[in-house]
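In: sequence and computational prediction follow.
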Amino acid sequence: MYKFLKPEIEKLGLPERLFRRKLIDVTKTPWECEGYPQEVKGKQFTITVRQGPQECSIPANADEPVLVAIERAGIKAPSRCRAGECGWCRSRLLVGTVFIPQENEMRRWADVHYGYIHPCCSFPTSDLTIEIPGEFF
Ligand code: FES
């Protein structure tokens with residue numbers, strides 16, 4: 001539905017910041033999204049997670065959001081919408097690259113510029129080092 005609505009809303013000529021979208025979740029099939037690097041499909045990476053003074057390394061599949069890998073490892077990370085919109089999971093990507101589906105890319109300009117991601121809708125495309133909020137280890 002959003003694929004239909006986005007061009008229709010753009011025709012109105014209003015700034016995009018005035019629109020809010022409610023997404024139910026991030027895609028379960030990122031490899032079907034435009035721009036997904038097909039060569040990483042099915043690969044496994046290592047994420048070094050920093051939270052406060054703690055640090056650990058966890059496995060992550062290229063086909064799952066970074067947040068899912070973090071939670072599976074038993075690390076409590078903040079989240080709410082799980083679709084890229086609220087920013088509650090906002091984390092700093094220190095090393096590595098991620099794929100963010102276009103429909104879930106709702107970061108502020110400054111966050112993009114300074115290397116922040118929303119782990120709930122970011123898929124690893126390399127080994128990562130990420131700094132997540134909170135001290136919940
Ligand atoms: S939980 Fe809302 S942006 Fe990640």
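Out: Sure, I can see it.

In: where are the low-confidence patches of this protein?
Out: Low-confidence segments of the chain, defined by pLDDT under 70, span residues 21-24, 136-137.

In: following the longest helix anywhere in it, which helix or strand comes up?
Out: The helix that spans the most residues within the chain, counting by DSSP state H, is helix 2-10. Read in the C-terminal direction, the helix or strand following helix 2-10 is strand 44-51, with elements assigned using DSSP states H and E.

In: nearest residue to the residue sitting nearest the centre point of the chain in space, please, no chain neighbours.
Out: Nearest to the centroid of the C-alpha atoms of the chain, with distances taken as CA atoms, centre = their mean, sits residue 122, at 2.5 Å. When the adjacent residues along the chain are set aside, residue 122 lies closest to residue 98, with 4.0 Å between them (CB to CB, 6 or more residues apart in numbering). From N, CA and C alone the C-beta is placed, and that goes for glycine too.

In: residues touching the one you found, list them.
Out: Under the criterion of CB atoms under 8 Å, 6 or more residues apart in numbering, the neighbours of residue 98 are 66, 117, 122, 123, 124, 125, 128.

In: good, wrapping up.
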